[in-house]
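Q: A structural model of the following input is requested.
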Amino acid sequence: MIGIIVAEVEEMNAVKEIMENLNSREIYNLNIYTGTINKKDFLLVRGGVGKVNAARVCQIITDNFDLDCIINVGSAGGLNENLNIGDIVVGEKLVQHDFDVTAFGREKGFIPETGKFFESDKTLLEKCKNIKIDNQKIVTAIIGSGDVFLTDTNLKENIKKEFNATCVEMEGAAIAQVCSLNKIPFLVIRSISDIPNGKNEIDFNEYLKFASKNCAHFLKQLCLN
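A: Modelled structure (predicted):
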């Protein structure tokens, strides 16, 4: 069984639309949906926004289900000027851009005992390389996660420069950390919903559903491989 974690209702609904044989149960006040995508068994859960929520739900499904891997899908803010709304970023590496123990001589983003970057499962990454979608860019790159909805253009440039990140979101690297500690293969798939520019909350609200559907479509294609 493959576990799918999302943060927003729109992201959850988009994935539910591509699932068949849908059933649900409740664990720790979380609605857990099970079903199939292209005849493969899936679990879907919405954890909420932010790294703590993401880590919590990741550990809960790990403890209660026998999962082959965990995939995080959702929206992201683009840091690369070559990306457009709706384009897909597959996370080759994940980093928590707001984790800071530089006072102890470490690099920004370095987490004691786990390191700076979390690397996605190579088999899943290879499968993503075979996916082609008309009128949509698909890139494999570094994704930065932090507990901030990024609107500040200066911070945007700092994250882009310091981590070579292509997009930012608020959950992926936390899920990656939990999966790494539990030795579960993981992958993060994000669709661009906004560009940090001081006003991108407007873009986010307008394009969240569009980005969510694009992610779900990519996930469905992934299940064909």
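
Q: Can you give me the buried ones in the lengthiest helix in the chain?
A: Assignment by DSSP state H gives helix 200-222 as the longest helix of the chain. The neighbour-count check on helix 200-222 (16 or more other Cβ atoms under 10 Å) flags 200, 203-204, 207-222 as buried. Where C-beta positions appear, they are placed from N, C-alpha and C, glycine not excepted.

Q: Repeat that for stretch 39-46.
A: In stretch 39-46, counting by 16+ other Cβ under 10 Å, buried: 42, 43, 44, 45, 46.

Q: in the chain, which ranges drop under the pLDDT threshold?
A: 196-205, 225 (pLDDT under 70).

Q: all helices of it, in order?
A: According to DSSP H, the chain carries its helices in the segments 9-16, 51-64, 122-129, 153-163, 172-182, 200-222.

Q: Quick one: residues in contact with the second one.
A: By that I understand helix 51-64. Under the contact criterion Cβ atoms under 8 Å, 6 or more residues apart in numbering, helix 51-64 has outside partners 3, 5, 7, 27-28, 30, 32, 43, 45-48, 67, 70, 72, 96, 145-147, 170-175, 177-179, 182, 184.

Q: Among the residues you listed, name the buried ones.
A: By 16+ other Cβ under 10 Å, the contacts of helix 51-64 give 3, 5, 7, 30, 32, 43, 45-48, 67, 70, 72, 96, 145-147, 170-175, 177-179, 184 as buried.

Q: Looking at these, which are in strands?
A: 3, 5, 30, 32, 43, 45, 46, 70, 72, 96, 145 (DSSP state E).

Q: Show me the two of these that sit farthest apart.
A: 32 and 96 (25.9 Å; Cβ to Cβ).

Q: Quick check: nearest residue in space to residue 83, chain neighbours excluded?
A: Sequence neighbours aside, residue 192 is the residue nearest to residue 83 in space, at 5.3 Å (criterion: Cβ to Cβ, 6 or more residues apart in numbering).

Q: Please report the distance of the one you found from residue 212.
A: As judged by Cβ to Cβ, to the nearest Å, residue 192 and residue 212 stand 12 Å apart.

Q: Mind listing residues that contact stretch 137-145?
A: Applying Cβ under 8 Å, 6+ apart, the contact partners of stretch 137-145 are 51, 76, 79-80, 82-84, 87-97, 117, 125, 128-129, 131-132, 159, 163-174, 188, 190, 218.

Q: Thanks a lot, see you next time.
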